[in-house]
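>>> Okay, predicted coordinates and the sequence, questions at the end:
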Amino acid sequence: MSISKRFSAAVFVIASLTSIPALADWALNMPRGVTDISHKVFDMHMLAFWIMCVVAVVVFGAMFISILNHRKSKGAKAADFHESVAVEVVWTIIPFIILIVLALPAARTLIAQEDDSNAELTVKITGYQWKWQYEYPESGVSFFSSLAEESRNARRLDSGIDPNTIENYLLDVDKPLVIPVDTKVRLLLTANDVIHSWWMPEFAIKKDAIPGFINTMWTKVNETGTYRGQCTELCGRDHGFMPVVVKVVEKAEFNQWLAAQVESQDVQKQLAEAPQDTVEDAEKASAKVIAAN
Amino acid sequence: MNAAVAETDHHDHGPAPGLMRWVTTTNHKDIGTLYLWFALIMFFIGGAMALVIRSELFQPGLQIVDPQFFNSMTTMHALVMIFGVVMPAFVGLANWMLPMMVGAPDMALPRMNNWSFWILPFGFGMMLATLFMPGGAPASGWTLYPPLSLQGGMAFPFLIFSIHLLGISSIMGAINIVATIQNLRAPGMTFMKMPLFVWTWFITAYLLVAVMPVLAGAVTMLLTDKFFGTAFFTAGGGGDPVMYQHIFWFFGHPEVYILILPSFGVVSEIIPTFARKRLFGYSSMVYATASIAFLSFIVWAHHMFTVGMPLSGALFFMFATMLIAIPTGVKVFNWVATMWRGAMTFETPMLFAIGFVVMFSIGGFSGVMLALAPVDFQYHDTYFVVAHFHYVLVPGSIFAIMAAVYYWLPKWTGNMYDEKWGKIHFWVSTIFVNLLFFPMHFVGLAGMPRRIPDYAVQFADFNAIATIGAFGFGFAQLIFVYVVFKCLRGGEKATDQVWEGAHGLEWTLSSPPPYHTFTDQPIIK
């Protein structure tokens, strides 16, 4: 979209901000997500949001009634009341009660989020400037996940490529993390250089990947699909260009995929270890390895 | 004996002639003026940086700047706006008003006052010079988290030393304010008779003295990690990068209140004046301010819920953070109760004060949501946070500073400002500031991280709107400059009281006040 088109679109939106149907296509809110935790988080978010809306209506309502009626131009005479311990106590206690209403479910959700016991699968995530490494320690599979090539080309300064023509611009990788559905997966996080942060909005999980330390979080996804997020801790020049993509598949498909990874990793290992004194040797050796597999 | 005579004689002189007046001055009014002009200039520098950021974010794709320069802009924008605009502007207001409000002849330590101002231009000269250094200005965010900040080039030590200078300046300014309020109040002005602007600054000054050294310590450790082989924050040497975040935010959270408490004071002066009614709960306002200041020391880790802290830690910081909503709520309720059944008029200072109460509260609402740790995992480091803290800082602190300037400008200059243009300034600013920051809530919730130079196309429309808002808000501030200059050059003469409902010592002085005021202390009954 050109600048002028973008501008006219923006002007149109400003003009129609009051009409709800026009906003229907706009993402205004947090996704409800695809895990039990993300549903809890979403509900917590909406509860807090609506409580804040009610408080806003009451406080701003009183204020606007006052602004409309108690003005000198309408002949209002200033009253002379001030200092009331009773009133102060009331408007201290009511917010306190509201906060308790929020704090209890929040604490319960937090406790559930932190319980990473009984995981069935472990994945280690390492942040690099600027890509992610995923490792499956139980099977020895390990690979890097970087920004997909189409996005990489389009995002260059003055690339001349319209980002709108690229599918999942900046939210696509060459090799996504793959995990099975309905399985509690423990994610271990660390980093190799600076602090990164791994965020998957649809799972409602985000944690910092810190060099020299290992952080833990977990997820259990209820629906298969491809989910997208981004690095959320400023990590240098290309912080905006290291997306997080997770493919959630059926358990059987996951096992197949993992076996294939193990196999291809073995091939590469053998290739690396085969004697390669000359070019011909290397070619012969690779032919042998490939034939053997 | 002779010295005493010379001292008395000295007081009869007006300001020194020429430019040297401003270099050598020890007069609180001159120094206040210097601080305010400095803040205004920095406001436009920091604002220009914000416009670079918003221009790049106008549409997806990289069109204008390199990502590294973009990161420099976000970093420098924050440093300039916090240390160069909001803090100096409030110190300027304090300089001008505190002695006049407590009935003192000047600040308690006038020479140190001159020094604490004149450090600032040099500190910022050094900081802004990094923009022209090989490797570019610092680009690790104003929080300077290691190890990223340690990757900085030549700019890094310059930034650290400039933060040291700004810290020294702030500490000296704060000591001066404490000394003035504690020692130079007029006879009869007990603590519980002080105007609220004096009270909020008194508490703010203590916060400054408490936490600026902590920041100095944190950045010094960064410096030694980088150049002298220490490993405070490097895991490889037995250090911990998260420890930096704890130390930084132990400074950083009280700093947030340093930026907002004087605003509460300003608004608590203005609303009673234009409602022509006493502040509803003076003492509860004082206690609420003190409670906020105390709580600010025990909530720092809510900035770092995602670093992987123990469950008990997260619960503690969540509950403590939520508690802040109570004294803050008390303040907002008191302002509304003060307006209730008053006889209000809506001159520009009142408009800005009401705008402050409404939009600061919006920032407060998102603040309560952010306090909830389980949900903060979703909000953290997204544009939702950007929307939150800009709501409390721009239509919060900045609006309060604007309100204060309009409120006291007739007192300072002796001339009324142009009310029509003042009101236009308010309404244009308010419309565009919401256009700028409100859509950020939506893109943040929809998944846009902060501090990124380019974004996925689904965030495009709200970002375009925010950019339009940014340019509108930025250019609207030229109206402010116009109004200030026009007022300096002349206008309808202001009375001593200026505003019909104004009470307090500063309104007993002539407009403009003489160069030296209250050489004989007034007596408060």
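The structure has been received and is ready for your questions.
>>> what's the neighbour count on B:Ile468?
20 (other CB atoms under 10 Å in any protein chain shown). (C-beta placed from N, C-alpha, C; glycine too.)
>>> One more: the one 3 residues further on?
In terms of burial, B:Phe471 registers 17 neighbours under the definition other CB under 10 Å.
>>> residue contacts, it?
B:51, B:54 (CB atoms under 8 Å, 6 or more residues apart in numbering or on different chains).
>>> tell me which element it is part of?
B:Phe471 is located in helix B:460-489, with elements delineated by DSSP states H and E.
>>> Is chain A within reach of stretch B:391-409?
No - against chain A, stretch B:391-409 shows no contacts by CB under 8 Å from any CB of the partner chain, the least distance being 12.7 Å.
>>> Centre of the chain to that stretch, how far?
On the basis of CA atoms, centre = their mean, to the nearest Å, stretch B:391-409 sits 9 Å off its chain's mean C-alpha point.
>>> what's the answer for stretch B:489-497, then?
Relative to the centre of its chain, stretch B:489-497 is centred 28 Å away, using CA atoms, centre = their mean.
>>> Quote the end-to-end distance of that stretch.
One end of stretch B:489-497 sits 21 Å from the other (CA to CA, to the nearest Å).
>>> in that stretch, what counts as buried?
B:491, B:494, B:497 (16 or more other CB atoms under 10 Å in any protein chain shown).
>>> Secondary structure, distance to chain A and pLDDT for those residues - can I get that in TSV?
Listed next are the buried residues of stretch B:489-497 as TSV, based on DSSP: H, G, I helix; E, B strand; the rest coil; distance: CB to the nearest CB, whole Å; pLDDT from 0 to 100:
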residue	secondary structure	distance to chain A	pLDDT
B:Gly491	coil	23	89
B:Ala494	coil	19	95
B:Gln497	coil	16	95
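>>> ok, back up a step: check the average confidence over the helix holding B:Phe471, would you?
Helix B:460-489 comes out with an average pLDDT of 97.
>>> Let me know the pLDDT of residue 33.
Let's take chain A. pLDDT, A:Gly33: 95.
>>> ah, I was thinking of chain B
97.
>>> Quick one: neighbours of it, just the number.
Counted with other CB under 10 Å, B:Thr33 comes out at 18.
>>> Do I have it right that B:Gly188 meets B:Ile524?
Yes - at 3.4 Å, B:Gly188 and B:Ile524 qualify as touching, with contact defined as CB atoms under 8 Å.
>>> what about those two, which has more around it?
Each of B:Gly188 and B:Ile524 has its neighbours counted (other CB under 10 Å); B:Ile524 has more, 15 against 12.
>>> who are the neighbours in contact with that one?
B:103, B:186-189, B:193, B:505.
>>> at 10 Å instead, please
Contact partners of B:Ile524, counting by CB atoms under 10 Å, 6 or more residues apart in numbering or on different chains, are B:102-103, B:185-190, B:193-194, B:505.
>>> Check which element follows the least confident helix or strand in chain A by mean pLDDT along the chain.
Ranking every helix and strand in chain A by mean pLDDT, DSSP states H and E puts helix A:20-23 at the bottom, with a mean of 40. Sequence order places helix A:36-69 as the next helix or strand after helix A:20-23, per DSSP H and E.
>>> Briefly note if that following helix comes near chain B.
Yes - Helix A:36-69 comes into contact with chain B (CB under 10 Å from any CB of the partner chain), by way of A:37-38, A:40-49, A:51-53, A:55-56, A:58-69.
>>> The helix or strand hosting B:Ile258: how far from the chain's middle?
Per DSSP H and E, B:Ile258 falls inside helix B:241-275. Centroid displacement of helix B:241-275 relative to its chain, using CA atoms, centre = their mean, is 8 Å.
>>> What does the pLDDT read for the spatially most distant residue from the centre of chain A?
Going by CA atoms, centre = their mean, the residue of chain A most distant from its centre is A:Gly75, 55.5 Å out. Per-residue confidence (pLDDT) for A:Gly75: 90.
>>> so what's it up against?
B:Ala343.
>>> Check the stretch 151-293 of chain A for the residue nearest chain B and tell me.
A:Gly212 (2.1 Å; CB to the nearest CB).
>>> what's around that residue, how many residues?
18.
>>> give the contact list for the nearest residue to A:Ser197 once chain neighbours are set aside.
Using CB to CB, 6 or more residues apart in numbering or on different chains and skipping residues adjacent in sequence, the residue nearest A:Ser197 is A:Glu233, 3.6 Å away. By CB under 10 Å, 6+ apart, the contact list for A:Glu233 reads A:127, A:191, A:194-199, A:206-210, A:239, B:141, B:145, B:148, B:306-307, B:380-381, B:449-451.
>>> Select from these every entry located in strands.
When the contacts of A:Glu233 are checked against strands (DSSP state E), the matches are A:127, A:191, A:196-199, A:206-209.
>>> contacting residues around the closest residue to chain A within the stretch 151-300 of chain B?
Nearest residue of the stretch 151-300 of chain B to chain A: B:Ala235, at 2.1 Å (CB to the nearest CB). Going by CB under 10 Å, 6+ apart, B:Ala235 touches A:190-191, A:210-213, B:147, B:241-242.
>>> next one: A:Ala79
Here A:Ala79 is in contact with A:70, B:275-278, B:340-343 (CB under 10 Å, 6+ apart).
>>> Verify the stated contact: B:Ile168 with B:Phe83.
No - counting by CB atoms under 10 Å, B:Ile168 sits too far from B:Phe83 to count as a contact (12.0 Å).
>>> Check the contact lists of the two and give me the overlap.
With CB under 10 Å, 6+ apart, B:Ile168 and B:Phe83 have common neighbours B:Gly123.
>>> Looking at the two, which one has more neighbours?
Between B:Ile168 and B:Phe83, B:Phe83 has the larger neighbour count (other CB under 10 Å), namely 25 against 17.
>>> Could you tell me the per-residue confidence at the residue nearest the centre of chain B?
Centroid-nearest residue in chain B, with CA atoms, centre = their mean: B:Val86, separated by 2.8 Å. Model confidence at B:Val86, given as pLDDT, is 97.
>>> what's the burial count for A:Pro201?
24.
>>> show me what contacts the nearest residue to it once chain neighbours are set aside?
For A:Pro201, ignoring the flanking residues on the chain, the nearest one in space by CB to CB, 6+ apart is B:Gly447 at 4.7 Å. Contacts for B:Gly447 (CB under 10 Å, 6+ apart) come out as A:27, A:30-31, A:171, A:199-202, A:228-230, A:232, B:378, B:382-384, B:455-456, B:458-459.
>>> quick one: B:Gly447 from A:Leu177, how far?
17 Å (CB to CB, to the nearest Å).
>>> so, in contact with chain A or not, stretch B:145-158?
Yes - residues of stretch B:145-158 are located near chain A by CB under 10 Å from any CB, namely B:145-151.
>>> Export that stretch to CSV, keeping only CA atoms.
C-alpha atoms of stretch B:145-158 as CSV (Å, rounded to 0.1, in the frame of the first residue of the first chain):
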residue,chain,number,x,y,z
TYR,B,145,20.4,-3.8,30.1
PRO,B,146,23.6,-5.7,29.9
PRO,B,147,24.9,-7.7,28.1
LEU,B,148,23.4,-5.7,25.2
SER,B,149,24.5,-2.3,26.5
LEU,B,150,28.1,-3.6,26.9
GLN,B,151,28.1,-4.2,23.1
GLY,B,152,28.0,-0.4,22.7
GLY,B,153,30.9,1.4,21.0
MET,B,154,32.6,4.7,21.7
ALA,B,155,29.3,6.2,22.7
PHE,B,156,29.1,4.0,25.8
PRO,B,157,31.5,5.7,28.2
PHE,B,158,30.2,9.1,27.2
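>>> hang on, the earlier thing: buried ones among the residues of helix A:36-69 next to chain B?
A:37-38, A:40-42, A:44-45, A:47-49, A:51-52, A:55, A:59-60, A:63, A:66-67.
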